[in-house]
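# After the sequence you'll find the predicted model.
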Amino acid sequence: MAIRVMLVDDHALVREGLRALLEREGDIEVVGETGSAAGVLALAEESRPEVVVMDLQLGAGRNGVEATRELVEKKPEIKVVILSMYDDEELVFRALESGARGYVLKRAGIEELTTAIRLVARGEAYLDPQIARRVIEGLQERLPFTRASRPEGPELTERELEVLRLAAEGLTNAEIARRLVISVKTVQAHRANIMQKLGLHDRVDLVKYAIKNGILKLDSG
């Protein structure tokens, strides 16, 4: 069954281009579009999308962050992917705090957007690779972390800590499996246990936890 997608952008040409590109994908269906934040909620109720692709700048009135916050509060089952020309980490933080599950830059290719749509549709989160490192570095500055060898809270096994660190670094389940010489199913089981033990919901939560507890540390260079 195709993923139902709604487009929100105040430029008609952008919406038309996105619709044409997305509808080439066999598993994505564009079910509605609007150029105004004011019409987002009403159109979402009518078209019942699974994912909304939301521009940050929507002309006069509310912006994409405000529209996302209202939509997620009223329709929490709908996932939002922000599509923006801005790569400033403050805007990314605001978008994530408003409830967006993905952030893609407009200069990225259509492959990035379709990847984000597919991931958030199945309950995961997505950050454009061009901004992910700076966002993580920004989180490092915002979140105090302990340098203890083990994080506080629920006890994780040594293997779970390894999987947690690699997942926070952005490795896929298949890449983690190859790195640790275990099966993909075993990695999936470890990730499920980690998320349940720590009360985390997606990769954004996982990254925050890893930074706060000193599990994920980036080189300065």
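Arrived safely. Numbering: from 1, shown residues only.

# any idea how far stretch 119-136 is from the chain center?
Averaging C-alpha positions (CA atoms, centre = their mean, to the nearest Å) puts stretch 119-136 4 Å from its chain's average.

# Contact partners for residue 163?
Shown in contact with residue 163 (CB atoms under 8 Å, 6 or more residues apart in numbering): 176, 180, 187, 190, 191, 194. No exception for glycine: its C-beta is placed from N, CA and C like everyone else's.

# All the helices of this protein, residue numbers only.
Using DSSP state H, the helices found in the chain span residues 12-22, 40-47, 64-74, 89-97, 110-121, 129-142, 158-168, 173-180, 184-198, 203-212.

# Residue 110 - how many residues pack around it?
Applying other CB atoms under 10 Å, we find 15 residues neighbouring residue 110.

# for residue 28, same thing?
For residue 28, the neighbour count with other CB under 10 Å is 20.

# now swap in residue 99 and tell me
Counted with other CB under 10 Å, residues neighbouring residue 99 total 17.

# Give me the distance between it and residue 73.
Note on residue 99: its distance to residue 73, by CB to CB, to the nearest Å, is 7 Å.

# try residue 55
Residue 55 sits 19 Å away from residue 73, going by CB to CB.

# Looking at these two, which is more packed in?
A count of neighbours by other CB under 10 Å puts residue 55 above the other of residue 55 and residue 73, at 24 against 11.

# Not counting sequence-adjacent ones, nearest residue to the more buried one?
In space, and not counting its chain neighbours, residue 55 is closest to residue 9: 4.2 Å by CB to CB, 6 or more residues apart in numbering.

# Sounds good, over and out.
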